[in-house]
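Enquirer: I need the structure of the sequence given here:
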Amino acid sequence: MSRSNTAIKEPTVISDFKEITKMRLSLSVVFSSLAGYLLGVDIIDLKVLTLLAFGGYFMVGASNAFNQIIEKDLDALMDRTKNRPIPAGRMSVKTAFVIASIFTLLGIIILYTINKQTAMFGAISIFLYTCVYTPLKTKTPISVFVGAIPGAIPFMLGWVAATNNFGIEPGTLFALQFFWQFPHFWAIGWFLFEDYKKGGFFMLPTGKQDKGTAVQVIMYTIWTIIVSVIPVFGFTGELKLSIVAAVIVFLFGLFMLHYAVRLFREMTEKAARQLMLASVSYITLIQIVYVLDKFLR
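Expert: Numbering: from 1, shown residues only. Got it, this is the predicted structure:
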């Protein structure tokens, strides 16, 4: 009996704090921001790098906390989210709101110390995620398009933090992460389809696990691959990619496309889950290759 009790991990204040701010997701977003910074900078400033990491974490954490406040009643309906701190009754809305508000202020202030444009894009990201994307999730599949905008800002944000300038380079980084999010989120929407339905969320473009959705997954994966190799052609300003790196990036894209095509062929939740995992590996590896190529070229 005692052995089974020790196997069950009881939620703690720390685990609830991690959950309300979605620490793992927040850290992956910070990784994107830091990759963008390294791509844009000439001389690495550890102070700015640290400020960007903390500022980015606070901004994403705030968005996630606000999201869970707004969706608390819907989260209680879904197996995936019913044990989150607010629907489970372990954290009050007031406490979550205080955390979200403090995180928002800290995030904007820290990013502002880097430069005004970085703070502005960070604030836009929180606003779109909380006030536009979250309410639209129960209304229309277009919510994924809206959510892809704040989701694509971090990679771009790093470049803006490094250069205090928005141009073709951060625009390309934005486009890459923007297009990537469609196959990523639709894969999640596919294998969590029944659970999302309990909460009334419309995540798939056709509203169904059908060929129409699978075809769009393939199309947006192809767009992602195209954008990822554009810097090799030399018209994305200071954002450059060597031929070797472009080939590697392209091959990673084919790896992700393989799983997108598999979803079209098999139409199963297992195939969708595999695509989701492949997409996470893809975006991480792409950012690493971009950065390594810059410093090894």
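
Enquirer: can we go C-alpha only for contacts and neighbour counts from here?
Expert: Noted.

Enquirer: please name the nearest non-neighbouring residue to G56.
Expert: Nearest residue to G56, sequence neighbours excluded (CA to CA, 6 or more residues apart in numbering): V30, at 5.7 Å.

Enquirer: okay, that neighbour: pLDDT?
Expert: V30 is assigned 89 on the pLDDT scale.

Enquirer: quick check: buried residues in the one helix or strand it maps to?
Expert: Element membership for V30 (DSSP states H and E) is helix 23-40. Within helix 23-40, the residues that count as buried by 16 or more other CA atoms under 10 Å are 23, 26-27, 29-40.

Enquirer: how about stretch 269-284?
Expert: The neighbour-count criterion (16+ other CA under 10 Å) identifies 269, 271-279, 282-283 as the buried residues of stretch 269-284.

Enquirer: and stretch 254-261, by the same measure?
Expert: 254-257, 259-261.

Enquirer: same check, this time on stretch 91-102
Expert: Buried positions in stretch 91-102, judged by neighbour count with 16+ other CA under 10 Å: 91, 93, 96-97, 99-101.

Enquirer: mind checking which of the residues you listed are in helices?
Expert: Judged by DSSP state H, the subset of the buried residues of stretch 91-102 located in helices is 93, 96-97, 99-101.

Enquirer: just to revisit the earlier point, elements contacting the helix holding V30?
Expert: helix 46-70, helix 143-163, helix 269-296 (3 or more CA pairs under 8 Å, 6 or more residues apart in numbering; DSSP states H and E).

Enquirer: so where's the stretch 151-297 of the chain uncertain?
Expert: Counting by pLDDT under 70, not a single residue of the stretch 151-297 of the chain qualifies.

Enquirer: circling back to that earlier point, closest to G147 out of the buried residues of stretch 91-102?
Expert: For the buried residues of stretch 91-102, the residue nearest G147 by CA to CA is A100; the value is 18.6 Å.

Enquirer: surely the closest one and A62 touch.
Expert: Yes: using CA atoms under 8 Å, A100 is in contact with A62, at 4.3 Å.

Enquirer: picking up where we left off before, nearest to Y290 among the buried residues of stretch 269-284?
Expert: I283 (10.6 Å).

Enquirer: still on that earlier bit, next step: the buried residues of stretch 254-261 restricted to helices.
Expert: 254-257, 259-261.

Enquirer: just give me the closest of those to E71.
Expert: Using CA to CA, A260 is the member of those that sits closest to E71, with 29.8 Å.

Enquirer: returning to what we had before: hang on, the residue nearest to G56 packs against T50?
Expert: No: using CA under 8 Å, V30 is not in contact with T50, being 10.4 Å away.

Enquirer: what about E266, neighbour count?
Expert: By the criterion of other CA atoms under 10 Å, E266 has 12 neighbours.

Enquirer: please report the distance of it from D73.
Expert: 34 Å (CA to CA, to the nearest Å).

Enquirer: what's the closest non-adjacent residue to the most centrally placed residue in the chain?
Expert: In the chain, the residue lying closest to the centroid (CA atoms, centre = their mean) is G151, at 4.6 Å. Of all residues not flanking G151 in the chain, F178 sits nearest, at 7.0 Å (CA to CA, 6+ apart).

Enquirer: which of the helices or strands spans the one you found?
Expert: Secondary structure (DSSP H and E) places F178 in helix 168-191.

Enquirer: what angle separates that helix from helix 23-40?
Expert: Angle, helix 168-191 to helix 23-40, by axes from the mean of the first three to the mean of the last three CA atoms, to 10 degrees: 160 degrees.

Enquirer: in helix 168-191, which residues are buried?
Expert: Quick answer for helix 168-191 (16+ other CA under 10 Å): 169-191.

Enquirer: helices or strands up against that helix?
Expert: Checking 3+ CA pairs under 8 Å, 6+ apart, helix 168-191 ends up next to helix 143-163, helix 211-229, helix 269-296.

Enquirer: of the buried residues of stretch 254-261, closest to L136?
Expert: When the buried residues of stretch 254-261 are compared for distance to L136 (CA to CA), A260 wins out at 25.6 Å.
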